[in-house]
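Trainee: Coordinates for the following, if possible.
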Amino acid sequence: MNNPKHIARTSDPVTSKQAANEVTASGRRQSQKERLLETVQRVPGATAGSLARYSGMTMHQVSRRLAELRAEGKVHNDGTAMWNGRPQMRWWLGGDLEQQKPRPHCKSCSCYEEVAQIPTEQASLFDSPQA
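Mentor: Got it, this is the predicted structure:
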């Protein structure tokens, strides 16, 4: 996603392409991604709404950066939780769990358990109640 040719759709207006280039050139894209990764690490399983609240970023920024981080394999979504009365995806560090199936040696170690055994109850700790 850091390739300037792919940060905006070909159908986007020129102003969107200019804004995308400016966000990249200024370093804001990278710093937002780093801040978002740190936030996902602090509150695993959070929704985009929660991540926006905890990171100090806007929902628009969070949504854009989550898509980029997912494409890079740094985060994945699994499950949903309510945010302001609407279901939103929950976000976790690392690639898709389907790609992280236990290898034979994992049955006796914790490398897979650390990813697969995250309690789903954590969503209620940081997501807003249904409106």
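
Trainee: Strands of the chain, start to end?
Mentor: 46-47, 75-83, 86-93 (DSSP state E).

Trainee: Tabulate the ones you listed (TSV), appending mean neighbour count, distance to residue 30 and mean pLDDT.
Mentor: The way it works is simple: take the backbone N, C-alpha and C, and place the C-beta from them, glycine included. Formatted as TSV, the strands of the chain follow (neighbours: other C-beta atoms under 10 Å; distance: least, C-beta to C-beta, whole Å; pLDDT from 0 to 100):
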stretch	mean neighbour count	distance to residue 30	mean pLDDT
strand 46-47	28	21	94
strand 75-83	19	15	92
strand 86-93	18	18	94
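
Trainee: now those strands in TSV, with distance to residue 59?
Mentor: Output for the strands of the chain, formatted as TSV (distance: least, C-beta to C-beta, whole Å):
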stretch	distance to residue 59
strand 46-47	10
strand 75-83	10
strand 86-93	10
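
Trainee: Which among those is found nearest to residue 63?
Mentor: strand 86-93 (10.0 Å; C-beta to C-beta).

Trainee: just the angle between the closest one and strand 75-83, please?
Mentor: 150 degrees (axes from the mean of the first three to the mean of the last three C-alpha atoms, to 10 degrees).
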